[in-house]
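J.: Could you look at this predicted model? Sequence included:
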Amino acid sequence: MDAPLIEFKDVTKRFGTKTVLEHVNLQIYEGQVTTIIGLSGGGKSVLLKHIIGLLKPDEGTILFQGKPIVDIKKSEMTASLAKMSYMFQDNALFDSMTVHENIALPLRETTNLKKTEIDRMVAARMEQTELADAAKKFPSELSGGMQKRVALARALVTDPQIVLFDEPTSGQDPVRKNAILSMIAQYQRKFGFTAVLVSHEIPDVYFISNRILALYDRRIVFQGTPEELENFTHPFKDEVIRSLEGLRKELTGLHSKRQFNVMHHAQLKQSTRGETYSIVVFTLDTLDAIVAGLGYEAAQETIYAMGVYINKHFGAIGGFSTRRSINEFVTILPYSNLTESEDILKDFIKDFQDQGIHDIWAGAHQRVDSGECIDLIIRAGLAQGQPIAELESVIDSAKSQQKEIGRLRCAVEE
Amino acid sequence: MALTTNTQNGSENEAKGQLGMALSRPFSLIGRATISWIDHLGASGVFLILALLKILRPKQLSKIFQQLYYIGARSMMIIMLVSLFTGMVLGLQSYYALVKFGAQGALGTLVALTLVRELGPVLTAIMIAARAGSAISAEIGIQRISEQIDALETMRIDPLRYLISPRIAAAIISFPLLTALFDLIGIVGGYISGVLLLGANAGTYFYRVQASMEMKDVTDGFIKAIVFAFIVSTVCCYQGYFAHMRTDSHGAKAVGLATTSAVVLSCVLILVSDYVVTSFLM
């Protein structure tokens, strides 16, 4: 891996007697989307403010491009800060200025561009963020969502190389939340900037993040990809799962992983005669291509439609399902042996090929008018479990049995 | 027996300690307040110097004009109103006092010198502190607590240059001008009450105004106005800018207290510095 763009080494920050960050170590890499997750009031925003220099650490070192910030000359530091942009949690818009003036402010004050050029750049950003009609309005005349977009437009108007987003989706309805995350992902791909997000939106942010940093109990307890976070065992994980529970209905209509595990154990306890059960693992193989080609919202809709379809089909016959990772679903069929489960799965595959895959595809396309041609490939694998067998080993066994159960190429309307 | 003596000694020592603490408490409070006061004085001095250095930076002119409008132009009405009635009451009181000595001819001198040397600069400064100073403090305070000032820093816009320097520059320009307006309208006010209402001689009034005034009186008045401009603008900007660091309150309440402190402190400092400046100019 390349050298980190920003690195924290044993950073500690105290406010009075309260320690907010304690020996924090982290790395942020260039061109990636890094998301800092953690509990409210856990110091995520404080951490972000250290990156842009609004706060200074009490102990430890912050390195920018390998150099300690304290050793960087003032002129060099100013140049480095010029590449950064910050979107505040509460927007920090100037309420005595119009939307246009707010977005134009950094250009007007820090560049020598002509007014016409500034107006052109601002108009372009307002167009992209659907704010063209609000140019002459004041922030207090806008909804919370629109204010957020003004803050986003202002953060991006200078074409920064590093953008720090402090809870960009807080206070947004699910549609706007998706739209903002989608916009961040889109711009990040388009302009290639390094994005650092602070967010609670788990697992939504996984879709757009290359790396996740978990801040827990004043320290960074995890750094890695969203996939690696899935296999991370730590008390922090419980908190994350609790967050997931809150989002369960909104995302897929499925059970959270914790609920799923609890239901699995409860079901095993009830089985007194040593009945078997079966596990089916479904994987949406082309999620990355969908995100890249159709966008984040389409991917979300695809996952949502797939979750709803699986839940509807197997829930009707006593099965229960969960989303195991970004593109993976697990269903338990209680009291079913392998033969019975194979029959159930065959029925599912038939229904799925006749109708389900089209529903999922329609879900993806209701968000975009793109003419992109993308394969939708779904695989499923079945394994029989025993009460004594570990759930994870049965899931792994089912995964190893996976085969393609549906494939669809873009022209679904035909 | 020995145990009883030890216990007694312990109680006596404890009582002495408590007495010592009680006696030293007022001194420690005074000491702490003095240190804090000196600390703020130094900080506001540095704050003023940094802001002054940034007045002549590029892109400042439009912001200074904007502040001239808010601090200067929009204070004109209140200054005119106050100065008119100040001049009128001065004319009224002075006329009756002078009549007792048969010196009503000196009315013009008394009104003009009182206004130009003292009341003009002082009352103008107090009125601007109450009208514009409170607004400056509240506006900057709100910008501070709503992270707008932090946002400026993240956009590489120096908050001192962007917010403070134009206000201080506008205050330095507008205070003497408003003082001149105050003096002028005040003299007219004295004319209305002394001449038009009480019957003093109009020619004598204006002759005395002209004859008794020297250029030094006018420049001294302007020097005071400029000193007050520095005091009011610095105190009001400083209070708002550091509203988030107040130890007595937070958030909106801190902004409210900062605004109150700004006005009260400005008024007190105007009166104290008036005495100091006057004694230097005499």
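T.: That came through fine. Residues are numbered from 1 along each chain as shown, chains lettered A, B, ... in the order given.
J.: Please count neighbours and contacts with C-alpha atoms only from this point.
T.: Will do.
J.: residue ranges with poor pLDDT in the stretch 1-150 of chain A?
T.: Applying pLDDT under 70 to the stretch 1-150 of chain A flags residues A:1.
J.: Tell me the backbone dihedrals of A:Leu5, please.
T.: Torsion angles at A:Leu5 (phi, psi; degrees, to the nearest 10) stand at phi -80, psi -40.
J.: how about the residues of the stretch 151-282 of chain B near chain A?
T.: Applying the criterion C-alpha under 8 Å from any C-alpha of the partner chain, the portion of the stretch 151-282 of chain B that neighbours chain A consists of B:Ala151, B:Glu153, B:Thr154, B:Met155, B:Arg156, B:Ile157.
J.: Save these as TSV, and put in pLDDT and secondary structure too.
T.: Supplementary listing: these in TSV, determined by pLDDT from 0 to 100; DSSP: H, G, I helix; E, B strand; the rest coil:
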residue	pLDDT	secondary structure
B:Ala151	92	helix
B:Glu153	90	helix
B:Thr154	89	helix
B:Met155	90	coil
B:Arg156	88	coil
B:Ile157	92	coil
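J.: With neighbour count added, can I get those in CSV?
T.: As requested, these are arranged in CSV below (neighbours: other C-alpha atoms under 10 Å in any protein chain shown):
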residue, neighbour count
B:Ala151, 25
B:Glu153, 18
B:Thr154, 23
B:Met155, 23
B:Arg156, 18
B:Ile157, 18
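J.: closest point of the stretch 201-350 of chain A to chain B, which residue?
T.: Of all residues in the stretch 201-350 of chain A, A:Leu213 sits closest to chain B, at 22.8 Å by C-alpha to the nearest C-alpha.
J.: ok, now which ones touch that residue?
T.: The contact partners of A:Leu213, by C-alpha atoms under 8 Å, 6 or more residues apart in numbering or on different chains, come to A:Leu26, A:Thr34, A:Thr35, A:Ile36, A:Ile37, A:Ile220, A:Val221, A:Phe222, A:Gln223, A:Gly224.
J.: For it, give the beta-bridge partners.
T.: Note on A:Leu213: beta-bridge partners by DSSP bridges are A:Ile36, A:Gln223.
J.: Now do stretch A:153-168: everything it contacts.
T.: The contact list for stretch A:153-168 (C-alpha under 8 Å, 6+ apart) reads A:45, A:48, A:82-89, A:102-104, A:106-107, A:121-122, A:125-126, A:129, A:148, A:180-181, A:191-200.
J.: Would you mind trimming the residues you listed to those in range of chain B?
T.: If you filter these for contact with chain B, counting by C-alpha under 8 Å from any C-alpha, you are left with A:Ala82, A:Met84, A:Ser85, A:Tyr86, A:Phe88, A:Pro106.
J.: Give me the distance between the longest helix anywhere in chain B and the centre of its chain.
T.: Longest among the helix segments of chain B by residue count, using DSSP state H, is helix B:2-53. Shown here is helix B:2-53, whose average C-alpha point lies 31 Å from the average C-alpha point of the whole chain (C-alpha atoms, centre = their mean, to the nearest Å).
J.: helices or strands up against that helix?
T.: For helix B:2-53, the contact count by 3 or more C-alpha pairs under 8 Å, 6 or more residues apart in numbering or on different chains; DSSP states H and E identifies helix B:165-191, helix B:215-241 as packing neighbours.
J.: Now do the buried residues in the next helix or strand after that helix.
T.: If you walk from helix B:2-53 toward the C-terminus, the next helix or strand you reach (DSSP states H and E) is helix B:61-67. Of all the residues in helix B:61-67, those buried under the rule 16 or more other C-alpha atoms under 10 Å in any protein chain shown are B:Lys63, B:Ile64, B:Phe65, B:Gln66, B:Gln67.
J.: count of neighbours near the closest residue to chain B within the stretch 1-150 of chain A?
T.: Ranked by C-alpha to the nearest C-alpha, the top residue of the stretch 1-150 of chain A for proximity to chain B is A:Ala92, at 4.9 Å. With neighbours defined by other C-alpha atoms under 10 Å in any protein chain shown, the count for A:Ala92 comes to 23.
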